[in-house]
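*Asks:* Let's see this in three dimensions:
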Amino acid sequence: MTRKTRTTLFIICLFLFLLAAPGVVLYSQGYRFDFEQRTITQTGAFYCKVLPGNADVYINDKYAKRTSMFGNSALLENLLPRKYKIEIRKDGYYSWQKNLEIRERQVAEAKHVILFLKELQLEEVPEEEAVDVLEIMDRAPEKEVPQELAGLSFKNFSVSPDKKKIAYFTDYEIRVLFLENHYDLGKLAGDTAFLTRFSEKIENVFWLDSYYLLFSAGDKIKVAEIDNRDKPNMVDLAESKNPKLYWDEDKETMYVLSEGVLYKNSALLP
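*Replies:* Next up, the predicted model:
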């Protein structure tokens, strides 16, 4: 190879390096070309933590990633800024779905996703256990109305385990009062969020944890998340005649009294 040829090749390689270097740097910093907007923009990401583990995450109906086995989480990076349909699926469970806005250099989070079994079995409670549970259910202790609810019209209320939220309800509506800023819901301290409305009468509202509510509406037993971005995910767990619910937080067990018979399920939470 002659000196002139080597010099020419060096100049060509140097030119290609100088041409590609800015693109490589921009790419490494999360910049992508948005063909829809015809512009270069920084990307965002979506992070989720899901129970149970090994759930599949779909973006716009396309498989994207499976949650990790140990952390039960997944991070989807390099998403162009726009709204995405995000769905989390697992065989035998109701899926979780939301349309979320992904913004530049920001991570949209769903850190408290729970997938619930589609076929929830209720077993009759033994008589010796039923006596104690029914006694607790009949007590219905009086609760002092929090100052934050003063002046509001409601039927009953329940304070979340983390003491940061209050769920209160009328015969046909459930609302949640956020006592302080809370993950990515964009709620100001003391702000109130409408959760859901039904034509059937609402009864027996309990917090499963600090992010999901258990309640009955008519003959249906339901669970709903409080993340009201887009719309809350809500599923029908079971159906029974005029159910009266009780959630035992310590045992993580749901009790259902229907037509004089007490049933339970201890597999509601993964």
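
*Asks:* hey, where'd the helices end up in the chain?
*Replies:* Per DSSP state H, the chain carries helices over the ranges 3-28, 127-139.

*Asks:* mean pLDDT for those helices: which is lowest?
*Replies:* Lowest mean pLDDT within the helices of the chain: helix 3-28, at a mean of 52.

*Asks:* residues touching residue 218, list them.
*Replies:* 198, 200, 201 (Cβ atoms under 8 Å, 6 or more residues apart in numbering). No exception for glycine: its C-beta is placed from N, CA and C like everyone else's.

*Asks:* Could you rerun that using 6 Å?
*Replies:* residue 200 (Cβ atoms under 6 Å, 6 or more residues apart in numbering).

*Asks:* Now do the same for it: its pLDDT.
*Replies:* 95.

*Asks:* ok, which stretches of the stretch 51-200 of the chain are strands?
*Replies:* Assigned by DSSP state E, counting those that start in this stretch, the stretch 51-200 of the chain shows strands spanning 56-59, 62-66, 73-79, 82-89, 96-102, 107-114, 123-124, 156-159, 165-169, 173-178, 191-197.

*Asks:* Pull up the pairing partners for the shortest one, direction included.
*Replies:* Strand 123-124 has the following strand partners under DSSP bridges: strand 261-265 (antiparallel).

*Asks:* now the angle between helix 127-139 and the partner strand, please.
*Replies:* On the basis of axes from the mean of the first three to the mean of the last three Cα atoms, to 10 degrees, strand 261-265 is oriented at 100 degrees to helix 127-139.

*Asks:* Any regions of the stretch 151-270 of the chain where pLDDT drops low?
*Replies:* Applying pLDDT under 70 to the stretch 151-270 of the chain picks out residues 180-191.

*Asks:* Which residue, other than its chain neighbours, is closest to residue 197?
*Replies:* residue 173 (4.9 Å; Cβ to Cβ, 6 or more residues apart in numbering).

*Asks:* Between the strands of the stretch 51-200 of the chain, which one is closest to residue 267.
*Replies:* strand 123-124 (10.2 Å; Cβ to Cβ).

*Asks:* one step back: would TSV of the strands of the stretch 51-200 of the chain with distance to residue 261 be doable?
*Replies:* Listed next are the strands of the stretch 51-200 of the chain as TSV, based on distance: least, Cβ to Cβ, whole Å:
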stretch	distance to residue 261
strand 56-59	38
strand 62-66	41
strand 73-79	40
strand 82-89	34
strand 96-102	32
strand 107-114	28
strand 123-124	6
strand 156-159	24
strand 165-169	26
strand 173-178	27
strand 191-197	28
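
*Asks:* need these in CSV with distance to residue 224 and mean neighbour count, can you?
*Replies:* Output for the strands of the stretch 51-200 of the chain, formatted as CSV (distance: least, Cβ to Cβ, whole Å; neighbours: other Cβ atoms under 10 Å):
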stretch, distance to residue 224, mean neighbour count
strand 56-59, 21, 18
strand 62-66, 25, 13
strand 73-79, 23, 16
strand 82-89, 16, 17
strand 96-102, 12, 17
strand 107-114, 11, 18
strand 123-124, 24, 10
strand 156-159, 13, 17
strand 165-169, 10, 22
strand 173-178, 8, 21
strand 191-197, 6, 16
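
*Asks:* closest to residue 136 out of those?
*Replies:* The minimum distance between residue 136 and these falls on strand 156-159, with 15.4 Å, by Cβ to Cβ.

*Asks:* Indicate each strand paired with that closest one and its parallel or antiparallel sense.
*Replies:* Strand 156-159 has its sheet partners listed here by DSSP bridges as strand 165-169 (antiparallel).

*Asks:* what is the orientation angle of the strand it pairs with with strand 173-178?
*Replies:* 160 degrees.

*Asks:* Identify the residues contacting strand 165-169?
*Replies:* Outside strand 165-169, the residues within contact range by Cβ under 6 Å, 6+ apart are 154, 155, 157, 158, 159, 175, 176, 177, 178, 202, 205, 213.

*Asks:* Give me the most central residue, this structure.
*Replies:* Residue closest to the average C-alpha location in the chain (Cα atoms, centre = their mean): residue 113, at 3.8 Å.
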